[in-house]
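Chemist: 3D, please:
(one chain, ligands or ions: 1)
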Amino acid sequence: MVVDDLVEAELEASAAQKAAPAKKPAAPRKPVQRKAPVRKPAATAAGEAPARAPRTPRTPRTPAKPRTTPILPPSVVRDLDPSKIALSISGLSKKFGSTTAVAGVDIDVPQGSFYGIVGPNGAGKTTTLSMVTGLLRPDGGVVTVLEQDVWRDPAAAKRLIGVLPDRLRLFDRLTGRQLLHYSGSLRGLDSATVRQRSEDLATAFGLEDALGRLVSDYSAGMTKKIALACSMIHSPRILVLDEPFESVDPVSAANVVEILEKYVTGGGTVVLSSHSMDMIQRVCDRVAIIVEGRVLAKGTVDEVREDGTLEQRFVELAGGRKSPEGMEWLLSSSD
Ligand SMILES: Nc1ncnc2c1ncn2[C@@H]1O[C@H](COP(=O)(O)OP(=O)(O)OP(=O)(O)O)[C@@H](O)[C@H]1O
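Modeler: Residues are numbered from 1 along each chain as shown. Model (predicted):
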């Protein structure tokens, strides 16, 4: 669909909205059948304060609107089976010339889990996630998403996945609303569903006032949030998010976490990479630490962090901290 069509669709939509009677109240939601995973309060990286502060009630930005389409369809909740593997990564490898980016990664992500992937810069996280989501062809290994082989049947697998890639390349000459419309249409949603979900997502991500503006004019954090919204619009079964909190302010990050926690509680599965150990320790139930293309530790967050914090374990596995030497010149005056 070309941009003109989108603009036209939008104009038609807004005219139809003006002419239409008030929305029907939302149908009652189906109760979520799965118990929310209990995440233990944990120490911060500094080890002194409880990691999860009590939430202060948030003032709604706009009067609450009745929601007619839940972000997560009830079928996903019904299908939840935590003993099933949502994402299986087996023997995944990738070289770029003489650089080995990923050297045989094996990770199983159970359905309904919140899985963190951490590692130092250049460890191979983005390369792994790109191969997992069908964006980069592996040299070796197998990836399955709910038993669909990502590389043998990419179309079937990709229908199940929502992706937030690293190095976002969005069609930023579209408005936020047009970009959501484009993402939803690509996923085969009809216009009414896309409109409803776009509204829901914009409210959830605090982008209501920005939907009519060009994405190229968004701040880095707003761009990340609209891309996250686009990754969710087709209510995927698994979300693969590369550094979703990068550039996102703390209040918005807490919002995003809340959205993802609801998604997981309802039966979705989240795999995300992040450099925030504190965030991963607080929100994820499982984690893998990747160093130089290999998984050095994986399991529940408690298993991986052992007696310390996740950050301590990470620093230990990543080879410890290096003290800066030979940098005395930085303190000398250049006048
Ligand atoms: N397209 C590419 N061409 C050449 N080398 C690449 C390419 N993409 C990644 N690499 C190399 O592969 C290795 C792993 O990179 P990758 O981006 O996966 O790391 P990362 O763990 O995501 O790092 P960061 O935390 O800095 O984002 C690095 O050495 C990187 O230079």
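
Chemist: can you dump the C-alpha atoms of the helix or strand where T223 lies in PDB for me?
Modeler: Secondary structure from DSSP states H and E places T223 in helix 220-232. Only the C-alpha atoms of helix 220-232 are listed here, as PDB (Å, rounded to 0.1, in the frame of the first residue of the first chain):
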ATOM      1  CA  ALA A 220      14.500   8.400  19.900                       C
ATOM      2  CA  GLY A 221      12.300   7.100  22.700                       C
ATOM      3  CA  MET A 222       9.100   7.800  20.900                       C
ATOM      4  CA  THR A 223      10.500   6.000  17.800                       C
ATOM      5  CA  LYS A 224      11.300   3.000  19.900                       C
ATOM      6  CA  LYS A 225       7.800   3.000  21.400                       C
ATOM      7  CA  ILE A 226       6.000   3.300  18.000                       C
ATOM      8  CA  ALA A 227       8.200   0.500  16.700                       C
ATOM      9  CA  LEU A 228       7.300  -1.600  19.800                       C
ATOM     10  CA  ALA A 229       3.600  -0.800  19.100                       C
ATOM     11  CA  CYS A 230       4.000  -2.000  15.500                       C
ATOM     12  CA  SER A 231       5.600  -5.200  16.700                       C
ATOM     13  CA  MET A 232       2.500  -6.000  18.700                       C
END
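
Chemist: run the chain-centre distance for that helix.
Modeler: 9 Å (CA atoms, centre = their mean, to the nearest Å).

Chemist: would you indicate which residues of that helix are buried?
Modeler: Across helix 220-232, burial judged by 16 or more other CB atoms under 10 Å covers M222, T223, K224, K225, I226, A227, L228, A229, C230, S231, M232. Using the backbone N, CA and C atoms, a C-beta is placed for each residue, glycine as well.

Chemist: next SSE after that helix?
Modeler: Next element after helix 220-232 (DSSP H and E): strand 238-242.

Chemist: next to the ligand, which bits of this structure? Give me the list.
Modeler: Applying CB under 6 Å from any ligand atom, one finds that the chain approaches the ligand through F96, T99, A101, G119, N121, G122, A123, G124, K125, T126, T127.

Chemist: any quick ChimeraX command for the buried ones out of these?
Modeler: The following ChimeraX line selects those of the residues of the chain next to the ligand that are buried, judged by 16+ other CB under 10 Å:
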select :101,119,123,124,125,126,127
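
Chemist: the residues of the chain next to the ligand: which two are farthest apart?
Modeler: F96 and G119 (16.6 Å; CB to CB).

Chemist: that older thread, same for the helix holding T223, what does it pack against?
Modeler: If contacts are counted by 3 or more CB pairs under 8 Å, 6 or more residues apart in numbering; DSSP states H and E, helix 220-232 sits against strand 161-164, helix 176-186, helix 191-205, strand 238-242, helix 250-265.

Chemist: now these in CSV, with mean pLDDT?
Modeler: Formatted as CSV, these follow (pLDDT from 0 to 100):
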stretch, mean pLDDT
strand 161-164, 95
helix 176-186, 95
helix 191-205, 94
strand 238-242, 96
helix 250-265, 91
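
Chemist: show me where this protein has helices.
Modeler: Assigned by DSSP state H, the helices in the chain fall at 3-19, 74-79, 125-132, 154-160, 176-186, 191-205, 220-232, 250-265, 277-283, 301-305, 310-317.

Chemist: most packed of those?
Modeler: For the helices of the chain, average neighbour numbers computed from mean count of other CB atoms under 10 Å are highest in helix 125-132, which has a mean of 26.

Chemist: now that one and strand 238-242, what's the angle there?
Modeler: Angle between the axes of helix 125-132 and strand 238-242 is 150 degrees (criterion: axes from the mean of the first three to the mean of the last three CA atoms, to 10 degrees).

Chemist: mind exporting helix 125-132 as CSV, just the C-alpha atoms?
Modeler: The C-alpha coordinates for helix 125-132 follow below in CSV (Å, rounded to 0.1, in the frame of the first residue of the first chain):
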residue,chain,number,x,y,z
LYS,A,125,23.0,-10.9,20.9
THR,A,126,21.7,-8.9,17.9
THR,A,127,23.1,-11.5,15.5
THR,A,128,21.3,-14.2,17.4
LEU,A,129,18.0,-12.4,17.6
SER,A,130,18.2,-11.5,13.9
MET,A,131,18.6,-15.2,13.0
VAL,A,132,15.8,-16.1,15.4
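
Chemist: numbering from 650 from now on, please.
Modeler: Yes, from this point I'll number from 650; that puts the last item at helix 774-781.

Chemist: elements contacting it?
Modeler: strand 734-745, strand 748-759, strand 763-767, strand 789-794, strand 887-891, strand 918-922.

Chemist: give me the helices and strands touching the fifth one, please.
Modeler: Identification of packing neighbours for strand 887-891 by 3+ CB pairs under 8 Å, 6+ apart yields strand 734-745, helix 774-781, strand 810-813, helix 869-881, strand 918-922.

Chemist: how about these in CSV, adding distance to R801?
Modeler: Compiled in CSV, these are given as follows (distance: least, CB to CB, whole Å):
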stretch, distance to R801
strand 734-745, 13
helix 774-781, 14
strand 810-813, 15
helix 869-881, 23
strand 918-922, 20
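
Chemist: ok, which of the helices of the chain comes nearest R818?
Modeler: Using CB to CB, the helices of the chain put helix 869-881 closest to R818, at 9.8 Å.

Chemist: and the contacts of stretch 860-872?
Modeler: The contact list for stretch 860-872 (CB atoms under 8 Å, 6 or more residues apart in numbering) reads 817, 819-826, 828-829, 847, 851, 856, 859, 875, 896-898, 901.
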